Structure formats: structure tokens, C-alpha cells
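Generate coordinates for the sequence data below:
(chains A and B)
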Amino acid sequence: MIEQIDTSLIDWSRAQFALTAMYHWLFVPLTLGLGIIMAIMESIYVKTGNPFWKRTALFWIKIFGINFAIGVATGIILEFEFGTNWSNYSWFVGDIFGAPLAIEGIFAFFMEATFIAILFFGWDKVSKRTHLIANWLTGIGATLSALWILIANAWMQYPVGMAFNPDTVRNEMVDFWAIVLSPVAINKFFHTVVSSWIVGAVFVVGVSAWFLLKKREKEFALASIKIASIVGLVASILTLWTGDGSAYQVAQKQPMKLAAMEALYEGGTNIDLIAIGILNSEKKSHNDNIDPHLWAIKIPEFLSILAERKADGYVAGINNLIEGGYPTEEGTALSVEEKIAKGKLAISALARYRIAKKESNQAEQTIQRTILETNFPYFGYGYIKDPADLIPNVALVFYSFRIMVALGVYFIFLFAFALWAGKKNKLDTNRWILKVFVASTPLGYIASQAGWVVAEVGRQPWSIQDILPTSAGVSRLNTGSVQLTFFLFLILFTILFIAEVSIMLKEIKKGPGVSNHSSN
Amino acid sequence: MDYICLQHYWWFIISLLAGLLVFLLFVQGGQSMLFSLGRTALEQKMLTNSTGRKWEFTFTTLVTFGGAFFASFPLFYSTSFGGAYWLWMMILFSFVIQAVSYEFQSHMGNVLGKKTYQVFLIINGIAAPILLGVAVATFFTGSEFIVNKDQITNITMPVISSWTNPLHGLEALGNGWNLCLGIAVFFLSRLLALLYFINNIDDYILQKRFHKALYNNTALFLLFFLTFIVHLFWMDGFAVEPQTQVVFMQPNKYLINLFEMPAVAASFVIGVLLVLGGILTSMIKHPFKHGIWFTGIGTVVTVLSLLLLAGYNNTAYYPSTSDLQSSLTLTNSSSSLFTLETMGYVSLFIPFVLGYIFYAWRAIDLRSISAEEMEDKNGHNY
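Numbers count the residues shown, from 1 in each chain, chains lettered A, B, ... in the order given. Okay, the predicted model is just below:
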């Protein structure tokens, strides 16, 4: 019998979840982004009666369908992996975490599955208006799906609306609306959904630019670029705004993640934000006194403004968070060693409470329960062996954050320029611009993936912030089993991904065939 | 509703979802007969498009079944999925390859070729019903696991659920009674598919094949289903002492449950009669196209009743053969009162969801699938 969790089991379980999530997230943002663009196109068709818009919408619906199938395929694994690979997690917080998943199934998945059937097969079976409603409801279903899973994800980053029950040995929901309306959840939802619109918009602009380069489907391509650019520009500005909100929430709720995003080891007041930087690979440990940055361009005091909304706001660095002692709203921050001690106290109080309960020792139960409740905010620290385990992969988070932000800013210019050039009738004549648009197509995906790397790698080692580290949430399996399924998923998803891209390229090459009929 | 009522209510919802899932496995049943019923490319296309317009409902019901189980009985989610790892992984793999196959098979550039995706559909068509049937059978036959909630306080090994069989779920396939139910579900899915095709495909030659195939599949379904049912009512079951929550073996527990819950007994009998009625009427009366609805509703009611027998009347619904007291019951595995109440409000919207599914289903199936529709190049056909 295993008496200690094999660390390689934790790593492989994390790798499998990351693999599945990253593959899944290749397809979801395009579903969300194309969803709104094709719904707008069909709305114009229904309003104007011009069949050009129907054929334009049809082309993007076809692309949507190809992408949707593989998104669904990768999505089912994610839901069940919470049970298969994170079984302890599933019990420890399932009372809270399961609800959004169930609501997602009942409200969002069925809405998507039902109305996508009408969207694909209902053109000559329902009225134009009903079909349009089905189109919008398919997109709304996908968005609702995102809402509930992001609420669940946000709760892991900022656990609220719950209380620990020592009798059932789990966290239990006590305030549903606190979970649904938590500021982290709201910000995460808007930031993720509107940034997904960007992915869809960049994709449509890129594909349409390719048609213009090939001197094909001009009317279709210009109309598609116009709609995608409007959606993309609005989404880019909203993403900038919600991104700021997300960073503020991270600063308040997950200061270690913020410190990793900036590779900030020594905090303080009036802290600069690193706009562009290169990390020093010589730095191996948080306390080796080596400068973490080789080179950096900084924006003065901006990190303090971003994190605390004031130039002289205090921002904790990695070392401050490890060593504690800096001022907080509650007083003075504890060191990680102190938090580990409190976490161990909470865990041992739980053990003693359970023994006292079996012995029907009411007085002891009361004492241990009080100790447990007092120290429960640090419960997860009890499983941490070394304070350094609390530092996520700084380089990965640092660079991912910069890639995401840089591309986000780039997209604002891209869409603004596309709109301006379209208005001035300069789009189809400037081949280099069109080439830039085509080359930008994968950038939306890169930005989106980078965003998730920041969010998920940045919160390690926690599966539930401060309450449960990933090491304590894992299933009791052989590492070999997880390795095998990891490689099976890797092979399967890679083949399917190649097939999806190949099908899409064929469909794009085939084209919508709109221009031949555009006078209809 | 008090806590116990809510636990029973949510077990009812889970059982209902399981019933709907088994009914919707007609998609898989149809896939498993793709080559045996469809002998030309056009016939295969009609079959594929018939089930292909419904596959997402099966898929979504499976996902919702999982989500609802997670929300209402998280200890099951934790113990079964994390323990019977390979059984669930095989089920999931089969659904992953299904999800892309309908859309990808007819597109140029699909890398693997149309035949591969058709084979994927057949694999899913055979594997999913059998494996799901095996998984459900373990609700009666038991699994090898231990649950120890105190383990969470062991900081080097805090995992509370441990599977004691190193095969991690594969051992369920070695139990003849599990396989018996799995094979029964497989043949049920095929005969449901045949009844659905009879309802949905307008083709004289195919209709003749559907009716012919109904006989063998019905006979084999009845053989395996009745064998399992006779065994189920004969076997010892996992009973729970209501006061102490101690689990013990009780002879003929599931038969006793049937007698002690007359409403469940009645629904079981009605369900079985509806299943048989839909099949027999379709065999005898030509052209009778509504057999799918009788047999479909009968399937939902029968599966619902069987799962109520597994969980109601002081029964451990997910028994452990390694440690009886680790068995999962409605009481020891459910979510908190607050969560069940909250989810109870959510469940009130289910009729609304069923309403728009009914509308969409009807709209899509208003016209039967025909060769002419399949040859229409402007339509979205698989």
C-alpha cells in the first residue's frame, strides 16, 4: 500500500489536465468569437433579406461546425478529469464545485446542443426568424457554458461562500450568490469571453485577408473583415479594461501570482511595472540575491497603481510573501513558515476533533473545532513541505503575461487599422497589410493560451487558493496509468487537431462561393 | 423538503438522467449497425445522418449526468471516477472519437479518411453501451474500494478514496453479471436505433432491413436483460440499517425493494411492458412508426425504476466489496442540505429545457430522411 503520494503522480496528473485544457482552449475561443460574428451576419440577412449575407453567414457557420465538434470532444474529458485525476479535490470541494458544472450541463450544454441542431439542419425546416434565434441561442449557450465553468474556476482562485464542515470533512456551500457574483468570477467571465471574441475576429480577418490576397471573394471578404473588425475592436478595448480589473483582483487575492507575473522579488511602495524585460537565468532561488532581470523597460510606479490604485501603494514581492512582516489591512503579514504551522495546527485539530467525536467527547470536540476554525484559512499550508514550493514558475508566468498584454495591444491597432483601411477602400490594394492580417491569425490563439498560462501556472501550487494544494487533491492512482492516458490523449488530440486544421484549410480554399451569386 | 427528501429527490433526478441517457444510446446502437444495415454509400449516409442529428443530445446528457452526479453525490464522483479509472477512461475515449467523427468524416482533408471515422463510430457504438452498462451494473454487484475520510488529516497521503484492485475498473469487465447487463444495454441500444430508423428514414429497402434486424436484436436483448433481472432479484443486496447506517448483506434485497416500493414496482412493470409493446407492435403492425416512443419511454421508466431499486429503501447504491462500511449511500455521499436545495431550484428549469429540446427535435424530424435530401449539396449533411 502506498503511504506517500508519488510526486511524479502529481506532476503527470497536472500535465494531463494542462494538456486537455490547452487543447480544449484551442477550440473554445473560436466557438465564442465566431458565434457572435455569424449571428450578426445572419441578423443582417434577416433584416435586409439579402442572400449575400446568408451565404456569408453559412460559410462561417460551416467553419464553426468543424471547430465545435472537436471542442466538444476535448471538453468532455475536462469535466470528468476532476473525478478521474483529482478525486480528493472532488470530495473536498465537490459540494461547491459540482453545482456550477451541473448548471452548465442543464442550462448551457443543452441550449447549445439543441439549437446547433436547428442552426445546421433547420434552414428549410423552420422560419428565418426562428433560425436566427437558434443562431443567437447557440452562441448564448456557448457563452453560458463559459460563464458557469469560469465561475467554478474563479472560485478555485478566490474561494468564497463556503464553510468547512469537520463532520463531513469537506467544504460546503453556504452562499450561492457570493460564489456566482464574486468579483473574481465576474471579471474572469467578461475578460475571457470578450478576449475570445478577439480570437474569432482575428481568425475571420486573417481568413478574409487570404481571400483578398488570392483575389477571390472580394465582397465576402471585405464584408467579413468589416464585421470582424468592429467586433474585434470593441472586444479589444473591453479586454484591456477587464484585464486591468483582473490584474487588480490578482493583486488583492493572489499576490504571489502578481509577484510572479512581474518577477518581483523585493516589493515596496511606488513599484514600477515592467513593460518589456528579460529575466536573468542565473537566478535559481528566491533568496540568492541575484537580480532577477537582465534587462527591462519599466513604467514608473505603474505596478503600484495597477495593484493598489495609488502610486504609493505597497506591492509585496516573492520574498516579502515568503518572509512576511509587511503591512496589510489586517495588520502584519505572516511568513509562510507561520502559515504552514497554522495549517498543520488546523489539520491536527481536525484529526483530534474526529477522534473526540468517535469517543463522544463533547468538550474536546468544542476545543478542537475552535482551533480548526481559527486556523482554517491556512489549512492548505499544512500540506506544504517547503516555503519555496509556494513560488510558481516565474519565467513562464512572466513571459506569458507579457505576450498576452503585447498581443492585446497589437490587436487594438490591428482592428482599428482594418476598419480605417476598409473605410478608405485601401484593404484589397495593400498586399503587405493583407499578409500581416493573415500572419496574425495564430496570434489570437497564442494570446489566449498565454492568458490561461498566467492564470493557472501563476496560482500553483494551489488547486484551491490557500485551502488545498494540487498535491492533496490528486487521485490515488499508479503514475504509469496517468502517463499512459496522458500519451493517449496527446496522440489522439494531436491527430484530431491536425485533421481539424486540414479540414478547415480545405474548406477555406474551397471558399464560400459568395461572389458568383453576390448580385442576387 | 428536508435533507432526506432532497437526497431522494436528487437520486430520482440522477436516475431519470440515466434513463434518458440509455434511451439516447439509440445513437450508439445505430452506429454499431452502420455497415450491417447500410450496404451502399447512400444507405450509410442516410443512417449516419439519422443518428448524426441526435448525437449531441446523447453526449450532452452524459455530460449533464456527470455534472449532476458531481453536484449531488460528490463522493461517488470522487470514488468511482478516481478509482475505476480505466473503465471511465475507456468510456470517455469512445465518446471523444465519436464527437468528431460525424462532422469530420464527410469533409475533404480529414487526414484519417472517411472509413476511419466510420470505424470510430462503430467502436463508440459498441463500446459505449457495453461499458456504460457494466458501470451501472456495479451499482448492484459492487466494486473494490475503501473510503476513509480521516485520511485527509494524513499530510503525506491525504486521499480519502482508494481503489483496492490494481486493475482500476477493468476488473468490472471480468464480472459476468456486469457484462450481462452491458450486453443487454448494447442490444437495447440497437433495437432502439432500429425503431428510431423506422420512424426517421424514408427508404423502402432500409425499412425492410430494419424490421428484419429487430427480431435478432430483441431476442438477444431479452435473453441478457431477463438473465440479469432474474439474477438481480435472486442475489443478496447491500442493505443499510437506517438508524446506525451500518451496511449489511440482505438476501433478495432488490426483490424486497420491489415489493416494499409498490410505485417503483409498478413503474418497472409499466416500463418493461412499454419496451416490449413498442417492439412487438413495430414487428406486427406495418407501417407502425411510433414504436420508438413506446419503447423509448419504457426504457427511461425501466432504467429509472432499476436505479431507484439500487438507491432507495435503505440500500447502498454504490457498494464496496472490499469494505462494506465504505459503501456509498444516499446519506453518506450526498452534498450538503444547502447545495441540494440550491440545485433543487435549478432542477425546476428542467421541464423548460425538455420543452425546447422537444421543439427542436420535432422541427428537425418533421420530414423523414430520404435519399433526395442526402443528395442535396446545399444542405448540411454528414
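
Let me know the helix or strand that the closest residue in space to B:F26 that isn't next to it in sequence is in.
Of all residues not flanking B:F26 in the chain, B:L192 sits nearest, at 3.6 Å (CB to CB, 6 or more residues apart in numbering or on different chains). Any C-beta I mention is one placed from the backbone N, CA and C, and that applies to glycine too. In the assignment (DSSP states H and E), B:L192 maps to helix B:176-200.

and the angle from the helix or strand following that helix to helix B:176-200?
Next in sequence after helix B:176-200, counting helices and strands by DSSP H and E, comes helix B:204-234. Here helix B:204-234 points in a direction 150 degrees away from that of helix B:176-200 (axes from the mean of the first three to the mean of the last three CA atoms, to 10 degrees).

if we can go back for a sec, residue contacts, the residue nearest to B:F26?
B:23, B:25-26, B:29, B:292, B:295-296, B:299 (CB atoms under 8 Å, 6 or more residues apart in numbering or on different chains).

Report the separation between it and B:N124.
Going from B:L192 to B:N124 by CB to CB, to the nearest Å gives 15 Å.

just the strands in chain A please.
Per DSSP state E, chain A carries strands over the ranges A:162-165, A:170-173, A:273-279, A:293-299, A:327-328, A:331-332, A:462-464, A:468-469.

Name the stretch from these where average model confidence is lowest.
Note on the strands of chain A: strand A:327-328 shows the lowest mean pLDDT, a mean of 86.

Quickly run through the sheet partners of that strand, with directions.
Strand pairing for strand A:327-328, determined by DSSP bridges: strand A:331-332 (antiparallel).

Would you pull up how far the strand it pairs with lies from the middle of the chain?
On the basis of CA atoms, centre = their mean, to the nearest Å, strand A:331-332 sits 32 Å off its chain's mean C-alpha point.

Next, count neighbours for the closest residue to B:L337 other than its chain neighbours.
Distances taken as CB to CB, 6+ apart put B:Y3 closest to B:L337, at 4.7 Å, once the chain neighbours are dropped. If you count neighbours by other CB atoms under 10 Å in any protein chain shown, B:Y3 ends up with 13.

and B:H107, helix, strand or coil?
Three-state call for B:H107 (DSSP: H, G, I helix; E, B strand; the rest coil): coil.

How many neighbouring residues does it have?
Using other CB under 10 Å, B:H107 has 22 neighbouring residues.

Next: B:L354.
Neighbour count of B:L354, defined by other CB under 10 Å: 12.

Let's verify it: helix, strand, or coil?
Going by three-state DSSP: B:L354 is helix.

returning to that earlier point: how about the helix holding B:L192: buried residues?
For helix B:176-200, the neighbour count (16 or more other CB atoms under 10 Å in any protein chain shown) marks B:177-200 as buried.

That one - what's its average pLDDT?
Helix B:176-200 shows a mean pLDDT of 97.

quick revisit: filter the contacts of B:L192 down to the ones in helices?
B:23, B:26, B:29, B:292, B:295-296, B:299 (DSSP state H).

Buried among those residues? Need that as a selection in ChimeraX.
Command for ChimeraX, covering only those of the ones in helices among the contacts of B:L192 found buried under the criterion 16+ other CB under 10 Å:
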select /B:23,26,29,292,295,296,299
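
got CSV for the ones in helices among the contacts of B:L192, with distance to B:G109 too?
Putting the ones in helices among the contacts of B:L192 into CSV (distance: CB to CB, whole Å) gives the following:
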residue, distance to B:G109
B:F23, 35
B:F26, 31
B:G29, 30
B:I292, 36
B:T295, 40
B:G296, 37
B:T299, 39
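
Return the residues of the stretch 251-382 of chain B in contact with chain A.
Residues of the stretch 251-382 of chain B lying close to chain A by CB under 8 Å from any CB of the partner chain are B:335-336, B:338-339, B:342-343, B:346-347, B:349-350, B:353, B:356-357, B:360, B:363-364, B:366-367, B:379-380.

Show the buried residues in the residues you listed.
In these, burial by neighbour count holds for B:335-336, B:338-339, B:342-343, B:346-347, B:350, B:353, B:356-357, B:360, B:363-364, B:380, counting by 16+ other CB under 10 Å.

wait, which of the residues you listed is closest to B:G278?
Using CB to CB, B:I357 is the member of these that lies nearest B:G278, at 20.3 Å.

now that closest one, what's its secondary structure?
helix.

excluding its backbone neighbours, what's nearest it?
A:T114 (5.2 Å).

Show the contacting residues for that neighbour.
Per CB under 8 Å, 6+ apart, neighbours of A:T114: B:57, B:356-357, B:360.

hmm, try it at 6 Å
A:T114 is in contact with B:356-357, B:360, counting by CB atoms under 6 Å, 6 or more residues apart in numbering or on different chains.

so of the residues of the stretch 251-382 of chain B next to chain A, which ones are in helices?
B:338-339, B:342-343, B:346-347, B:350, B:353, B:356-357, B:360, B:363-364.

shaky segments in chain A?
A:1-3, A:514-520 (pLDDT under 70).

what residue is smack in the middle of it?
A:W452 (4.2 Å; CA atoms, centre = their mean).

residues near the nearest residue to that one once chain neighbours are set aside, how many?
Residue nearest to A:W452 in three dimensions, not counting chain neighbours: A:W25, with 5.9 Å by CB to CB, 6+ apart. Using other CB under 10 Å, the number of residues around A:W25 comes to 21.

quick one: A:W25 from A:P442, how far?
Relative to A:P442, and taking CB to CB, A:W25 is found at 14 Å.

next one: A:R352
As judged by CB to CB, A:R352 and A:P442 stand 56 Å apart.

the more surrounded of these two?
The neighbour count for A:R352 versus A:P442, taken as other CB under 10 Å, is higher for A:R352 (19 against 13).

so who does the more buried one touch?
A:R352 sits next to A:Q368 when contact means CB under 6 Å, 6+ apart.

Over to A:K47?
By CB under 6 Å, 6+ apart, A:K47 has no neighbours at all.

again, but for A:A349
Contacts of A:A349 (CB under 6 Å, 6+ apart): A:368, A:371-372.

Try it again at 7 Å.
A:A349 is in contact with A:368, A:371-372, A:375, counting by CB atoms under 7 Å, 6 or more residues apart in numbering or on different chains.

Since that was my last question, I'll sign off now.
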